[in-house]
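>>> sharing a model prediction with you, sequence too.
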Amino acid sequence: MQLEKTAINDCFLITPKVFTDDRGYFMESFNTKAFQKATKLNVDFVQDNESFSAYGVIRGLHAQKGDYAQAKLVRVIKGEVLDVVIDFRKDSPTYLNQVIVKLNAEAKKQLFVPRGCLHGFSVLSKTAIFFYKCDNFYNQSAEIGYRYDDPFFKIDWQIPKSEQLISVKDAKLPLWNQ
Ligand SMILES: Cc1cn([C@H]2C[C@H](O)[C@@H](COP(=O)(O)OP(=O)(O)O[C@H]3O[C@@H](C)C(=O)[C@@H](O)[C@H]3O)O2)c(=O)[nH]c1=O
């Protein structure tokens, strides 16, 4: 696997080694030892999530707070998304920096999202299957989130306004009040 640093501390772009042959391909989508060696981070993933979305869907911006904060290792199994991470850790040297990267099933890149960061994505392809590992369990009461169209974050989700599809829950999220 190959590791690239990003504009957010401890948020890494990971390219797995893909072995192709006449049958197709093989890759280790996750290997604890290789991950720890490359990132120097000790992360214990405990939950895997998968979601399916159509073009125009925007999910985010989400996180879990306090003891329930989650690091995520995200990737796309089908289609393409624009993945967005905002460093929301007040004590981080890259506080409020953003990482915005296209992830797709062809390139197979993964993004490691540290605990305490806001996360979201928009679907650029006709449909997309999004898969992610989490190092803490889902806890509804610990969920926090801010509006995908918050003017402070000013994220270009690369979806025309008329085609954006947002959940009722996400549409009701507050704007970030600094
Ligand atoms: C995230 C999650 C949701 N659910 C349930 C709650 C709800 O009824 C249904 C759909 O939940 P949501 O609308 O919150 O799903 P979604 O908007 O896809 O939420 C996800 O968005 C991306 C951007 C993230 O970063 C994730 O951490 C997560 O917050 O699934 C679980 O049971 N476990 C989970 O881990």
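Sure, I can see it.

>>> export stretch 128-135 to CSV, keeping only CA atoms.
Only the C-alpha atoms of stretch 128-135 are listed here, as CSV (Å, rounded to 0.1, in the frame of the first residue of the first chain):
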residue,chain,number,x,y,z
ALA,A,128,-22.4,4.6,-5.8
ILE,A,129,-21.7,2.1,-3.0
PHE,A,130,-19.7,3.6,-0.2
PHE,A,131,-17.9,1.4,2.3
TYR,A,132,-16.2,2.4,5.5
LYS,A,133,-14.6,0.9,8.6
CYS,A,134,-15.1,2.7,11.9
ASP,A,135,-13.1,2.4,15.1
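
>>> go through that stretch and flag the buried ones.
Neighbour-count burial for stretch 128-135 flags 128, 129, 130, 131, 132, 133, 134, 135 (criterion: 16 or more other C-beta atoms under 10 Å). For every residue, glycine as well, the C-beta is placed using N, CA and C.

>>> quick check, nearest of the residues you listed to residue 10?
Nearest to residue 10, judged by C-beta to C-beta, of those is residue 135 at 12.5 Å.

>>> contacts only, for the closest one.
Shown in contact with residue 135 (C-beta atoms under 8 Å, 6 or more residues apart in numbering): 43, 44, 45, 46, 70, 71, 72, 115.

>>> surely the third one touches residue 136?
Think residue 45. No - contact criterion C-beta atoms under 8 Å: residue 45 and residue 136 do not qualify, at 9.2 Å.

>>> only the buried residues of the lengthiest helix in the chain, if you could.
Assignment by DSSP state H gives helix 32-39 as the longest helix of the chain. When burial is assessed from 16+ other C-beta under 10 Å, helix 32-39 yields the following buried residues: 35, 39.

>>> which outside residues touch stretch 141-154?
With C-beta under 8 Å, 6+ apart as the test, stretch 141-154 has contacts from 58, 60-69, 86, 98, 118, 120, 155, 157, 166, 170-171, 173-176, 178.

>>> same question for stretch 22-33.
Applying C-beta under 8 Å, 6+ apart, the set of residues contacting stretch 22-33 from outside is 1, 16, 17, 18, 19, 34, 45, 73, 75, 108, 110, 133.
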